[in-house]
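S.K.: Structural data only, the sequence is not supplied:
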């Protein structure tokens with residue numbers, strides 16, 4: 001029988017981990033049947049009873065039974081919650097060439113690997129023995145279950161090539177301090193702004209009207225592409241040979257390839273408004289811009305440059321999921337960039353990735369609601385235009401010693417093979433991987449586990465090593481749906497990793513009724529950069545205020561083209 005910590009909080013975490021582990025194995029053969037679920041519930045009771053007996057040696061049988069029943073009921077509820085979480089993984093976005101089952105398989109393997117690393121060797125043996133009992137619970141061993149178990153055991157013995165290197169990494173004492181403030185409530189100064197109102201229009205079901213709307217959006221993409229080309233021409237080649245951001249100090253901001261760089265001088269101060277994934281949630285975008293009072297701050301800075309210089313950083317994933325992708329989020333973000341190109345950073349997400357197959361354009365992520373909704377309505381040339389436009393979007397912003405990117409860092413093997421200096425951030429393969437990766441709670445992820453899917457994990461030590469290589473003190477990412485909307489991934493770590501998600505809302509009319517994003521509290525954050533410090537203030541986006549037709553013309557009339565879900 002597994003041995004639990006005497007610390008109640010740690011023991012609770014161990015129990016939750018075991019329940020996840022057992023649940024994951026139940027899904028590996030594609031059918032978590034009633035026999036397997038009954039086994040898990042019985043095993044939970046056995047574990048709780050053993051814990052109660054060890055913790056209450058002098059208690060009466062009735063007292064122990066009462067405590068056991070109470071905790072069994074609690075952990076059975078935990079089991080139901082974890083079961084729902086695993087089932088929800090089948091709805092996550094995956095790359096076009098992958099099946100959802102493959103993604104879920106890799107995700108479950110990662111989580112089980114993380115769990116194993118929280119147990120000592122003896123308890124690992126007990127956990128594997130428990131799994132052996134589980135996979136026999138339905139009377140037969142499914143080949144997928146046996147394969148999963150053997151792969152997991154092999155991962156536990158895989159060489160951790162990073163560890164020997166990681167202990168040599170030293171955190172530079174000169175790195176800017178990063179402070180994470182408490183969540184704030186930010187009230188808007190104004191209810192609306194003329195900038196937004198002229199863009200708030202549904203796509204028409206009338207082919208002639210829709211063609212004119214498409215032509216306007218096409219021209220908008222051309223203008224953004226031209227401005228990006230102008231920025232690239234001015235910054236071309238500046239990253240070559242630079243081994244860290246420190247080598248770029250004193251330069252004017254520039255765009256080299258797909259990487260923005262913005263050094264910060266000792267007497268300069270900035271206020272960065274940062275938004276994570278927006279996914280067609282136009283009320284979240286409009287609400288955040290109005291709450292931040294971004295337009296007024298840009299105008300005030302132009303009149304008085306001694307004020308903090310305002311910037312808007314968008315981490316990508318503008319489309320899909322919500323109802324207002326191309327005509328809401330993407331159109332508005334492009335217009336903001338053109339209106340203030342030195343203040344707006346429009347980064348690429350993994351959903352801004354289309355592919356061509358046999359003359360037709362497809363979303364590179366499944367499901368792809370934006371393109372699927374308009375197929376058969378919008379001219380096919382527009383989807384090709386979006387595909388090419390997405391390829392133009394920058395991937396990375398290095399602002400002082402903070403890195404902004406949609407997802408995370410590349411695979412270890414790709415870094416070893418392809419990374420030579422900061423110009424390597426423009427390598428197409430590294431750029432693609434940085435659209436997909438996710439942080440793990442484990443210190444290190446073996447190569448085999450990283451190679452399983454386009455959406456792959458990286459560990460804490462791998463993150464630290466890559467950030468030290470760049471000379472960065474913080475990474476801010478989106479990509480991963482988190483219900484709290486804002487999370488410090490490795491609290492207490494010398495290098496900060498933040499996860500930000502700006503789409504969602506339990507009663508947000510931007511989202512279909514069935515959307516899993518309704519569990520998310522959409523968040524933004526403000527980062528105050530001044531004198532080598534970065535102070536991060538997360539805040540809640542007041543999306544509901546802009547679900548109102550008086551403040552958002554999208555809700556003044558019904559859409560003419562029905563949004564396709566999934």
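M.R.: Received, thanks. Keep in mind that this is a model prediction, so the values were computed, not measured.
S.K.: How many residues are close by residue 355?
M.R.: Neighbours of residue 355 under the rule other CB atoms under 10 Å: 14. Bear in mind the C-beta positions are built from the backbone N, C-alpha and C, glycine included.
S.K.: no wait, residue 415
M.R.: With other CB under 10 Å as criterion, residue 415 counts 17.
S.K.: just the strands in the stretch 51-200 of the chain please.
M.R.: Here the stretch 51-200 of the chain has its strands, by DSSP state E, counting those that start in this stretch, at 94-95, 178-180.
S.K.: Quick one: the helices in the stretch 351-500 of the chain, in order.
M.R.: Taking DSSP state H, counting those that start in this stretch to define them, one finds helices in the stretch 351-500 of the chain at 369-374, 380-392, 412-418, 428-433, 447-450, 460-470.
S.K.: Contact partners for the residue nearest to residue 375 when sequence neighbours are not counted?
M.R.: The shortest distance from residue 375 to any non-neighbouring residue, by CB to CB, 6 or more residues apart in numbering, is to residue 383 (7.8 Å). Residues near residue 383 by CB atoms under 8 Å, 6 or more residues apart in numbering: 354, 361, 371, 375.
S.K.: hmm, which two among those are most spread apart?
M.R.: Spanning the widest gap among these are 354 and 375, at 12.2 Å by CB to CB.
S.K.: on that earlier part again, looking at the helices of the stretch 351-500 of the chain, spot the one closest to residue 124.
M.R.: Among the helices of the stretch 351-500 of the chain, the nearest to residue 124 by CB to CB is helix 447-450 (16.8 Å).
S.K.: for the record, mean pLDDT for the closest one?
M.R.: Here helix 447-450 scores 90 as its mean pLDDT.
S.K.: buried sites along that helix?
M.R.: By 16 or more other CB atoms under 10 Å, the buried positions in helix 447-450 come out as 449-450.
S.K.: same question, stretch 469-483
M.R.: By neighbour count on 16+ other CB under 10 Å, the buried set for stretch 469-483 is 469-482.
S.K.: Need those in JSON lines (columns: distance to residue 300).
M.R.: Listed next are these as JSON lines, based on distance: CB to CB, whole Å:
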{"residue": "469", "distance to residue 300": "38"}
{"residue": "470", "distance to residue 300": "33"}
{"residue": "471", "distance to residue 300": "32"}
{"residue": "472", "distance to residue 300": "30"}
{"residue": "473", "distance to residue 300": "29"}
{"residue": "474", "distance to residue 300": "27"}
{"residue": "475", "distance to residue 300": "30"}
{"residue": "476", "distance to residue 300": "25"}
{"residue": "477", "distance to residue 300": "30"}
{"residue": "478", "distance to residue 300": "28"}
{"residue": "479", "distance to residue 300": "33"}
{"residue": "480", "distance to residue 300": "35"}
{"residue": "481", "distance to residue 300": "35"}
{"residue": "482", "distance to residue 300": "33"}
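S.K.: Format those residues as CSV; extra columns: pLDDT.
M.R.: Below are these laid out as CSV (pLDDT from 0 to 100):
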residue, pLDDT
469, 96
470, 97
471, 95
472, 96
473, 95
474, 97
475, 98
476, 98
477, 98
478, 98
479, 96
480, 95
481, 96
482, 96
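S.K.: Just those residues: which are in strands?
M.R.: 474-477 (DSSP state E).
S.K.: what's near enough to touch residue 508?
M.R.: Residue 508 makes contact with 281, 283-284, 517-518, 522, 543-544, 547, according to CB under 8 Å, 6+ apart.
S.K.: run the last query once more with 6 Å
M.R.: Residue 508 sits next to residue 543 when contact means CB atoms under 6 Å, 6 or more residues apart in numbering.
S.K.: That one belongs to a strand, doesn't it?
M.R.: No. Assigned with DSSP: H, G, I helix; E, B strand; the rest coil, residue 508 falls outside any strand and is coil.
S.K.: Now do the strands in the stretch 451-566 of the chain.
M.R.: Assigned by DSSP E, counting those that start in this stretch, the strands in the stretch 451-566 of the chain fall at 457-458, 474-477, 486-488, 496-500, 523-530, 533-540.
S.K.: closest to residue 201 out of the ones you listed?
M.R.: The nearest among the strands of the stretch 451-566 of the chain, by CB to CB, is strand 523-530 at 25.1 Å.
S.K.: What helices and strands are in contact with that closest one?
M.R.: strand 269-275, strand 533-540 (3 or more CB pairs under 6 Å, 6 or more residues apart in numbering; DSSP states H and E).
S.K.: Would you point to the one among those strands that's packed deepest?
M.R.: Comparing those by mean neighbour count (mean count of other CB atoms under 10 Å), strand 269-275 ranks first with a mean of 23.
S.K.: how near is the residue nearest to residue 506 when sequence neighbours are not counted to residue 504?
M.R.: Leaving out its chain neighbours, the residue that sits closest to residue 506 by CB to CB, 6+ apart is residue 518, at 5.2 Å. Here residue 518 is placed at a distance of 7 Å from residue 504 (CB to CB, to the nearest Å).
S.K.: repeat for residue 128
M.R.: Distance from residue 128 to residue 504, by CB to CB: 38 Å.
S.K.: Of these two, give the one with the bigger neighbour count.
M.R.: Counted by other CB under 10 Å, residue 128 and residue 504 do not tie: residue 504 has more neighbours, with 30 against 15.
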